[in-house]
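Participant: Build me a structure from this.
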Amino acid sequence: QVQLVESGGGSVQAGGSLRLSCAASGRTRRSYAMGWFRQAPGKEREFVVAISWNGGSTYYADSVKGRFTISRDNAKNTVYLQMNSLKPEDTAVYYCAAAGFITRATNDYDYWGQGTQVTVSS
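Facilitator: Predicted coordinates for the structure are as follows:
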């Protein structure tokens with residue numbers, strides 16, 4: 001089992017920045033790819049970004065390319081999501097997740113955090 005805990009959410013104005021963190025514990029010896037997803041009220045959970053276990057590959061949703069950056073520090077078992085130039089449409093609960101390989105598909109992820117709220121006001 002892997003436990004994931006997100007932090008760093010909050011409220012910002014449009015154009016602002018936030019950095020989310022996702023700390024992993026448990027069976028972290030296995031090399032997991034990590035992803036960030038988000039879910040806005042009344043909408044389905046959607047893919048945001050993913051990173052391979054060694055950080056060598058990344059996938060980004062078109063809506064966040066050039067604004068969001070994912071990174072990881074395997075020594076700390078932590079994944080980060082730097083979010084810049086935030087827009088009101090980025091408002092959602094953000095979840096981190098772990099998978100056996102890098103993927104955009106929600107169903108491929110085995111472990112999920114509890115989520116952290118990000119609110120962007122105009």
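Participant: okay, which residue is most central for the protein?
Facilitator: When CA atoms, centre = their mean is applied to the chain, the residue found nearest the centroid is Trp36 (2.4 Å).
Participant: now it: how far from Ser122?
Facilitator: 23 Å (CB to CB, to the nearest Å). In this view, the C-beta of every residue, glycine as well, is placed from N, C-alpha and C.
Participant: Report the buried residues of stretch 51-70.
Facilitator: Ile51, Ser52, Trp53, Tyr59, Tyr60, Ala61, Val64, Phe68, Thr69, Ile70 (16 or more other CB atoms under 10 Å).
Participant: sec struct for Glu89, please.
Facilitator: Of the three states, Glu89 takes helix according to DSSP: H, G, I helix; E, B strand; the rest coil.
Participant: show me what contacts it?
Facilitator: Residues near Glu89 by CB atoms under 8 Å, 6 or more residues apart in numbering: Ser63, Val120.
Participant: tell me the pLDDT at it?
Facilitator: According to the prediction, Glu89 has pLDDT 97.
Participant: Where strands are concerned, which of the buried residues of stretch 51-70 count?
Facilitator: Ile51, Tyr59, Tyr60, Phe68, Thr69, Ile70 (DSSP state E).
Participant: For Arg104, state which of these is nearest.
Facilitator: Distance to Arg104 across those (CB to CB) is lowest for Tyr59, with 5.7 Å.
Participant: List the beta-bridge partners for the closest residue to that closest one other than its chain neighbours.
Facilitator: Spatial nearest neighbour of Tyr59, chain neighbours left out: Ala50 (4.6 Å); criterion: CB to CB, 6 or more residues apart in numbering. For Ala50, the beta-bridge partners are Gly35, Tyr59 (DSSP bridges).
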